[in-house]
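Engineer: This is the structure alone, sequence omitted:
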């Protein structure tokens, strides 16, 4: 079973989640390729399943991630797909979060097997170094810290591995 784990990240937290998912799948003998969506144009049809994640800003996936799903809808619709989002930080990170706006459209377009929202992480110094003046003005209001629940991320990845190892009913 060949699986693509693709992600779009702004400050790097989503990349860490994608790495954790890819590592968990590999430990379960799933051949896994990890890739930043910025380096992908299309989903290679040889991938038998796909996991796609994006950081969420203002209730939306990053534009490159949403465009990637739409551009590859024909291929994605023909195989198992799981989606994840990251981004809530601070007090709300461990509380149920609404799905990003694009997820409802993705459910119609590619029929993913699941979508999960994970807490994100924010390092103000790194973010300010990366962003421009407007980013620095906004960044001062974002709670700093790592709110990713690695146990929950690992558990979700293991549920994907279990599903991938199930025999296909004919």
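Structural biologist: Perfect, I can see it now. Since the structure is predicted, the reported quantities are computational estimates derived from the model, not experimental observations. Residues are numbered from 1 along each chain as shown.
Engineer: Only C-alpha atoms from now on, for both contacts and neighbour counts.
Structural biologist: OK.
Engineer: next structured bit after the longest strand belonging to the chain?
Structural biologist: Counting residues, the longest strand in the chain under DSSP state E turns out to be strand 49-57. Scanning forward in sequence from strand 49-57 by DSSP states H and E, the next helix or strand is strand 60-61.
Engineer: Paired strands for that next one, with orientation please.
Structural biologist: Each strand paired with strand 60-61, and its direction, by DSSP bridges: strand 49-57 (antiparallel).
Engineer: Pull out the buried residues from the strand it pairs with.
Structural biologist: Residues 49, 50, 51, 52, 53, 54, 55, 56 are the ones in strand 49-57 that count as buried (16 or more other CA atoms under 10 Å).
Engineer: now do stretch 98-105
Structural biologist: Buried-residue list, stretch 98-105, by 16+ other CA under 10 Å: 99, 100, 103.
Engineer: What are the neighbouring residues in contact with the first one?
Structural biologist: Read that as residue 99. Residues near residue 99 by CA atoms under 8 Å, 6 or more residues apart in numbering: 59, 117.
Engineer: For the helix or strand encompassing residue 75, name the packing helices and strands.
Structural biologist: When elements are assigned from DSSP H and E, residue 75 belongs to helix 73-76. Under the contact criterion of 3 or more CA pairs under 8 Å, 6 or more residues apart in numbering; DSSP states H and E, helix 73-76 touches no helix or strand at all.
Engineer: Centre of the chain to that helix, how far?
Structural biologist: 17 Å (CA atoms, centre = their mean, to the nearest Å).
Engineer: next SSE after that helix?
Structural biologist: Using DSSP H and E, the helix or strand that directly follows helix 73-76 along the chain is strand 81-86.
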